[in-house]
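Enquirer: Here you go, sequence then predicted model.
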Amino acid sequence: MKTKSDPKLSFTEFLNIEGPGRKLVHLKPGGAFFSQGTESNCVFYLTAGRAKLTVVSQAGKEATITLLVPGEFIGEESIAGAGGLRMATASAVTACTAMKINRDEMIQALHDDHTFSDFFLRFLLARGMKTQADLVDQLFNSSEKRLARTLLLMAEFGKPGEPETLIPAITQEALAEMIGTTRSRVSFFMNRFRKLGFIEYNGRIRVHKSLLNVVLHDQFSGHNSERPPMEIEGRERTRTVPPKSVPSKKLRPAAD
């Protein structure tokens, strides 16, 4: 049964105050908003904390798609059609607070409040642009540059206000999944960034504005030629073609 949104509420109140079809949820780090393969029947609006989207392949390999920050919707694909299944798992990286909105309530609110519809549309466009930028980054940039960009995004550089230079706790394995490389490469690049003064890294990562030089100008202070020992970037790896076998010729006995 569909619920009717209260027309007296502003959309900011709708996203922060519990009501019909809406409930505030609190998750501890590691808690799941929803899991891959479950029914897609609600939308979450993240008001505090950091979350992530992950997918697991049929072979059991897990990959982190993106990190989510306050002010973003989670599971917005549920309003596309009833009876769909989640294509990813959303879980809390830090302690999170989010408004859980039933699918029917969300659709009703979008129909009733044009201001809210505009707000949600802007979010969808921004999410699409970010996804496109992530794809371009994955296709054309080195793993070192992808790591720098990911750290800057986590610190919210480029957004209004002061960036949160101390980013949430995240493992090198998770960073490696996000940028499509190995943990050892992430460790190598993190140590390089620290030596060059781009970050402080002692359990928690503090990002300095100078890291923007890596993304904008590829400035590594003359260290571009360095590569982690025994590691070759997948995109830099060249395929070695074995030489074609030449049929052996039957040797004639030497003349006496």
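Expert: Perfect, thanks for sending it. Numbering: from 1, shown residues only.
Enquirer: For F44, see how far away Q36 is.
Expert: Using CB to CB, to the nearest Å, Q36 is found at 15 Å from F44. Heads up, the C-betas are built off the backbone N, CA and C, glycines and all.
Enquirer: Please say which of these two ends up with more neighbours.
Expert: Legend: neighbour count by other CB atoms under 10 Å for Q36 and F44, higher for F44 (23 against 16).
Enquirer: Let me see the contact set for the residue lying closest to L68 once chain neighbours are set aside.
Expert: Closest residue to L68 apart from its sequence neighbours, by CB to CB, 6 or more residues apart in numbering: A51 at 4.2 Å. A51 sits next to 33, 67-68, 74, 90-93, 96, 98 when contact means CB atoms under 8 Å, 6 or more residues apart in numbering.
Enquirer: Show me the contact partners of the helix or strand where T150 lies.
Expert: Following DSSP states H and E, one finds T150 within helix 143-154. Here helix 143-154 makes contact (CB under 8 Å, 6+ apart) with 50, 67, 137-138, 141, 158, 167-168, 170, 175, 178-181, 185-186, 189-190, 192-193, 198-199, 205, 207, 211-212, 214-215, 218, 220, 233.
Enquirer: Among those, name the ones in helices.
Expert: Judged by DSSP state H, the contacts of helix 143-154 include 137-138, 175, 178-179, 185-186, 189-190, 192-193, 212, 214-215 as members of helices.
Enquirer: chain center to the helix holding T150: distance?
Expert: Here the centre of helix 143-154 is set off from its chain's centre by 11 Å, with CA atoms, centre = their mean, to the nearest Å.
Enquirer: State the mean pLDDT of it.
Expert: Here helix 143-154 scores 89 as its mean pLDDT.
Enquirer: all strands for the stretch 151-256 of the chain, in order.
Expert: 199-202, 204-207 (DSSP state E, counting those that start in this stretch).
Enquirer: Can you name every helix or strand that the last one contacts?
Expert: Packing partners of strand 204-207 (3 or more CB pairs under 8 Å, 6 or more residues apart in numbering; DSSP states H and E): helix 143-154, strand 199-202.
Enquirer: can you tell which of those is closest to S78?
Expert: S78 sits nearest to helix 143-154 of all these, at 24.9 Å, using CB to CB.
Enquirer: quick one: E18 and T47 touch, right?
Expert: No - here E18 lies out of contact with T47, judged by CB atoms under 8 Å, at a distance of 11.9 Å.
Enquirer: residues in contact with stretch 172-179?
Expert: Taking CB under 8 Å, 6+ apart as the rule, stretch 172-179 contacts 52, 54, 62-67, 138, 143, 146-147, 150, 182-183, 185-187, 190.
Enquirer: joint contacts of E18 and T47?
Expert: Joint contacts of E18 and T47 (CB under 8 Å, 6+ apart) are M99.
Enquirer: So these two - more neighbours on which side?
Expert: In this view E18 and T47 are compared by other CB under 10 Å, and T47 has more residues nearby, 15 against 10.
Enquirer: The chain - how does it break down into domains?
Expert: As given by automatic domain parsing, the domain ranges for the chain are 11-138, 141-217.
Enquirer: By mean pLDDT, show me the worst of the ones you listed.
Expert: For those, mean pLDDT drops lowest on domain 141-217, to a mean of 84.
Enquirer: what's the spacing between that one and its chain's center?
Expert: 13 Å.
Enquirer: So which residues of the stretch 1-150 of the chain form helices?
Expert: When assigned using DSSP state H, counting those that start in this stretch, the helices of the stretch 1-150 of the chain occupy the ranges 11-14, 103-112, 114-140, 143-154.
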